[in-house]
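# Could you work out the structure for the sequence below:
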Amino acid sequence: MQTEQGSHHVFSASRRHVEKSKREKGHHMYKYAMSAEICGALYSGESELKDPKSDAEVVNITYIDKNGNATPVRGKIGDNVMYLAHRYGIEIEGACEASLACSTCHVYVKDDYLRKLPEPKEEEDDMLDMAPFLRENSRLGCQIILNKDLDGIEVTLPPATRNFYVDGHVPEAH
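Below is the predicted model of the structure:
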């Protein structure tokens with residue numbers, strides 16, 4: 001189901017997972033806890049604080065803020081798009097710190113690069129279902145790991161995100 005809201009398309013949560021409502025809540029929450037533990041170990045944000053060692057590992061990325069302003073950044077292979085944004089003061093919140101427990105790092109990925117990304121895991125789709133201003137090219141920035149195929153990627157921040165715990169929080173680098 002698709003409805004028009006201003007110039008943005010909003011998709012119902014059922015677009016991604018009809019089966020989601022059939023799962024037992026206890027099992028569902030256990031999956032998120034396990035994902036958080038695994039992701040926390042893999043993506044702490046420390047790698048993104050280091051510059052590329054050589055031009056061979058450079059991956060260029062452009063962040064477009066909600067006002068249309070572009071910020072080009074030199075990342076490297078293995079960098080997480082959300083943590084890299086934090087390093088450069090780009091306002092992607094990331095309230096759950098890449099544990100797949102929120103949608104505050106929601107971004108839009110240009111179609112040319114969207115096709116180069118792996119399919120989102122079920123946990124990412126579940127979190128995207130809660131994101132305002134959801135589009136077909138929506139992804140969570142914390143789940144995009146840079147590689148050479150993504151050199152030149154452009155990600156756009158949505159007009160707003162929703163932090164169910166603290167609305168109005170201004171993100172800070174970790």
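
# how about the strands in this structure?
Secondary structure of the chain, counting by DSSP state E: strands at 2-5, 8-11, 58-64, 70-76, 106-109, 138-140, 153-156.

# Pull the contacting residues for residue 51.
Applying CB atoms under 8 Å, 6 or more residues apart in numbering to residue 51 gives the contacts 74, 76. Where C-beta positions appear, they are placed from N, C-alpha and C, glycine not excepted.

# ok, now how distant is it from residue 159?
Plainly put, residue 51 is 32 Å away from residue 159 if you go by CB to CB, to the nearest Å.

# cool, and residue 74?
27 Å.

# try residue 147
Taken as CB to CB, the span from residue 147 to residue 159 is 29 Å.

# So between those two, which is more surrounded?
residue 147 (16 against 12; other CB atoms under 10 Å).

# List the contacts of that one.
Neighbours of residue 147 in contact, by CB under 8 Å, 6+ apart: 59, 77-78.

# got a winner among the residues you listed for most neighbours?
Within the contacts of residue 147, residue 59 tops the neighbour count with 23 neighbours, counted by other CB under 10 Å.

# Excluding chain neighbours, what is closest to that one?
residue 146 (4.2 Å; CB to CB, 6 or more residues apart in numbering).

# show me what contacts the one you found?
Contacts of residue 146 (CB under 8 Å, 6+ apart): 59, 61, 75-81, 84, 153.

# for the closest residue to residue 87 other than its chain neighbours, what are its contacts?
Leaving aside its sequence neighbours, residue 87 sits nearest to residue 48 (CB to CB, 6+ apart; 5.2 Å). When contacts are counted by CB under 8 Å, 6+ apart, residue 48 is found next to 75, 79-80, 83-84, 86-87.

# how does it look with 6 Å?
Neighbour list for residue 48: 79, 83-84, 87 [criterion: CB atoms under 6 Å, 6 or more residues apart in numbering].

# same check, this time on residue 102
Contacts of residue 102 (CB under 6 Å, 6+ apart): 95-96.

# Then residue 162?
Counting by CB under 6 Å, 6+ apart, residue 162 makes contact with residue 132.

# do the same with residue 73
Residue 73 makes contacts with 61, 88, as judged by CB under 6 Å, 6+ apart.

# Bridged to it, which residues?
Applying DSSP bridges to residue 73 yields these beta-bridge partners: residue 61.

# quick one: pLDDT of it?
For residue 73, the pLDDT comes out at 97.

# just residue 31 next, same as before
Looking at residue 31, its pLDDT stands at 37.

# next one: the one 10 residues further on
Predicted confidence (pLDDT) for residue 41: 35.
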